[in-house]
Every structure is written in structure tokens, then in C-alpha cells.
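**Q** Give me a 3D structure for the following:
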Amino acid sequence: MSKLLILFALLFSANMAYSQCENNLNNCDCYLNKGDNLFLQKKYDDAKKQYLAYKGCRPNANIDEKINMCDCENYLNKGDSLFSQKKYEEAQKKYLSYKICKPSATGIDKKIAACKKQLEPISEQKKPELVSSVSPSESSESVPLPSLSAAWWYNEGLKYKVGRNYSEAIQCYRKALDIDSSLLEVWNDLAHAYAYQGNYAEAINCYAKVAADNPSEIVWSNMGICYQHLKEYDQAIDCFQKSNDIVSNGSAWYGMGICYSNKEDLSTSKKLSKSKECLIKAAELGHEEAQKRLDKMKIKWQEK
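**A** So this is what the prediction gives:
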């Protein structure tokens, strides 16, 4: 089967799955199907959101590779867009990030060179280029390009994250942010790393920076989970509500249900009713843990 036919088959399959999801939004797998469909349309930001939503719905699912693929392809996509707008310096940064993400990618060196040529003064364009083949960590004599540094440190952090070495990952993310503090994706991954360490207060601070500039249901839900771990249930519920205000999602409703069941300032009957209400909404949106908890609650009620 030719590559063209394979691509067509993938696109047809994704479109069919997408159509089915349109009529069944309560299925957790729809996040994955929508993500695949959007990826094939080169809508990498939207695809990543769906993959992250799928991960939130099924935390143990092996989805990280697809999320990373969205990041990589997005660098290239945005680089091409910026180049067409004659924003050569910004385009170069995206191309360099793509090269770090996919070292074996073909054709990217030509794109980087095209940016450099546009950025050089006319008197400098005929001078030979000096290109270091050594990464910043391999030689103290190599001087990384300023545009490469933040992306390089960020990708080093991602490597440590994959190995669950969160302390080293945090150091790398911090170095990336020292160079460019506007990188929301780095703030987001820094928040993840702190959360995995159990440092929920720092995680909340980082998520707050992301939410201030680019609020999403996922960021608010993650912040709510951190407050939940700190047993600050009112703040957690507020975050989960903000998540649902953007897009009603199982993760946020589930979190709210757990928080209400643990609030000490509510009567037992009030806690149960509020918790049950939220868990039902979470289960309707395909959250498997919410359904399991509801089943356990039902068994307890029957026993009484």
C-alpha cells in the first residue's frame, strides 16, 4: 500500500471516529479520536488539548508521545507561519526548537539558514558561517545561540521528566525561564514537576502564571487538584468551577465531587448530595473513577 493510501486510510478512520464522537460526547475515547483528527489537520494546539484531556480522563494511558509530537510539529508549523510574515528572528527560534525536538528531521537546516540570511546585514552575508557541532553541555568553549538556549534547557528538562527525575527537570525549566520568562509551556511543565514532587504550593504559583495569560480548562483543573491535595477545598472548588466554565469536563466535576465529600463545614447530607451531583456529571462525561465511586456509594446505600 502506498504512503498516500495509508494517509488517506488514517484520515478516513479519524474522520469516522470524530463523527461518532460528535454524537457521543460522554465517551472518554472521543478526546483521543478528536486529537488524532486535529493532528492530521495540522491543528497541533487543538490536538494537544484533546490529548491532554484524554490523559486527564485516563491518567494511566500512554499518550505522552502524541503530546510531544504535537509540540514538535507545532514548532515547525509556527516557524513557517512566522517566516511568511517576515518575522525571521521568531521563525528561527521555532525552527531551532523543532531541530532540538527532532534532530534527524530533514530540510530544517535550510529553513534555519534562510532565517539567518534574512537577519544578517548585507555586508555580513558573504562571510563564512561558524557552526558548532557540540551541544552546550558537551563543551565549555561552545557558545549557544541566545535563541537556542531557552529551547535547549526546556528540552533537557523534558528528558529528565521522562525519567521522572523531577529535581533536575525543575532546574532545567528554571534556566529556560531565566532566559525567557514568557514561555507558558515551560511554566506549565514546571508546575507539573512541582506537583509530582508533592510541592503543590509552588505548582499552584506556576499554574497561576499560565492561567493569567492563557486560561484553559486543563490548567484550572490541575490547579484545583493541587489545592485539593493541600485540603484547601474552597479554593479547589473555585478552580474546578472555572475549568467547567470554559469546558465542562469530567476531571473538574470529579474533583469537585471529592472536595465536597471532604468539606467539614457541611452537614453529612449536604456533603453527600453535592458530591453525588458532581460525580454524576463526571461519570456522564466518561470519567471512569467517578463511575466507580458512584457504584461504591450505591452499594453502601443498599446495605443501609
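
**Q** tell me the contacts of the closest residue to residue 247 other than its chain neighbours?
**A** In space, and not counting its chain neighbours, residue 247 is closest to residue 217: 4.3 Å by C-beta to C-beta, 6 or more residues apart in numbering. Where C-beta positions appear, they are placed from N, C-alpha and C, glycine not excepted. Under the criterion of C-beta atoms under 8 Å, 6 or more residues apart in numbering, the neighbours of residue 217 are 53, 243-244, 246-247, 249, 252.

**Q** Which of the residues you listed has the largest number of neighbours?
**A** residue 252 (32 neighbours; other C-beta atoms under 10 Å).

**Q** Could you verify my assumption that that one touches residue 218?
**A** No. Taking contacts as C-beta atoms under 8 Å, residue 252 lies outside contact range of residue 218: 9.3 Å.

**Q** can you list residues touching both of these two?
**A** residue 243.

**Q** Flag the shaky bits of the chain, pLDDT-wise.
**A** 1-27, 101, 103, 120-148, 299-304 (pLDDT under 70).

**Q** care to break it down by domain?
**A** 1-61, 67-117, 148-214, 216-304 (automatic domain parsing).

**Q** any idea how far the most centrally placed residue in the chain is from residue 174?
**A** The centre of the chain sits closest to residue 52, judged by C-alpha atoms, centre = their mean, with a distance of 5.8 Å. Distance from residue 52 to residue 174, counting by C-beta to C-beta, to the nearest Å: 23 Å.

**Q** Same question for residue 181.
**A** 10 Å.

**Q** Could you do residue 257 as well?
**A** The span separating residue 257 from residue 174 equals 35 Å under the rule C-beta to C-beta.

**Q** Name the residue in the two with the higher neighbour count.
**A** Ranked by neighbour count (other C-beta under 10 Å), residue 257 and residue 174 place residue 257 first, with 27 against 14.

**Q** what about that one, helix or strand, and which?
**A** According to DSSP states H and E, residue 257 maps onto helix 250-262.

**Q** Buried residues, that helix. List them.
**A** Across helix 250-262, burial judged by 16 or more other C-beta atoms under 10 Å covers 250-261.

**Q** for stretch 215-222, same thing?
**A** Applying 16+ other C-beta under 10 Å to stretch 215-222 flags 216-222 as buried.

**Q** can you check stretch 62-72 too?
**A** Quick answer for stretch 62-72 (16+ other C-beta under 10 Å): 63, 66-67, 69-72.

**Q** now do stretch 269-282
**A** For stretch 269-282, by 16+ other C-beta under 10 Å, it's 271, 274-276, 278-279, 281-282.

**Q** Next, format the residues you listed as a markdown table and append secondary structure and distance to residue 85.
**A** Conversion of these to a markdown table gives the following (DSSP: H, G, I helix; E, B strand; the rest coil; distance: C-beta to C-beta, whole Å):
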| residue | secondary structure | distance to residue 85 |
| --- | --- | --- |
| 271 | helix | 54 |
| 274 | helix | 50 |
| 275 | helix | 50 |
| 276 | helix | 52 |
| 278 | helix | 45 |
| 279 | helix | 48 |
| 281 | helix | 43 |
| 282 | helix | 42 |
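
**Q** What residues does the closest residue to residue 227 other than its chain neighbours make contact with?
**A** Distances taken as C-beta to C-beta, 6+ apart place residue 236 nearest to residue 227, at 3.7 Å, with adjacent residues excluded. Taking C-beta under 8 Å, 6+ apart, we find residue 236 in contact with 224-228, 255-256, 259.

**Q** same check, this time on residue 198
**A** Contacts of residue 198 (C-beta under 8 Å, 6+ apart): residue 229.

**Q** How about the backbone phi and psi for it?
**A** phi 90, psi 10 (degrees, to the nearest 10).

**Q** what about it, distance to residue 48?
**A** Taking C-beta to C-beta, one finds residue 198 at 26 Å from residue 48.

**Q** Ok, residue 165 next?
**A** Using C-beta to C-beta, we find residue 165 at a distance of 23 Å from residue 48.

**Q** The two: who's more crowded?
**A** residue 48 (23 against 15).

**Q** ok, the more buried one touching residue 67?
**A** Yes. Taking C-beta under 8 Å as the definition, residue 48 is a contact partner of residue 67 at 5.8 Å.

**Q** before we move on, the earlier item: with adjacent residues omitted, what lies nearest to the residue nearest to the centre of the chain?
**A** Residue 52 sits nearest to residue 218 (C-beta to C-beta, 6+ apart), 5.2 Å away.

**Q** who are the neighbours in contact with that neighbour?
**A** 49, 52-53, 56, 243.

**Q** How far away from the center of its chain is the helix or strand containing it?
**A** Assigned by DSSP H and E, residue 218 belongs to helix 217-229. Between the centre of helix 217-229 and the centre of its chain there are 14 Å (C-alpha atoms, centre = their mean, to the nearest Å).

**Q** No more questions from me, cheers.
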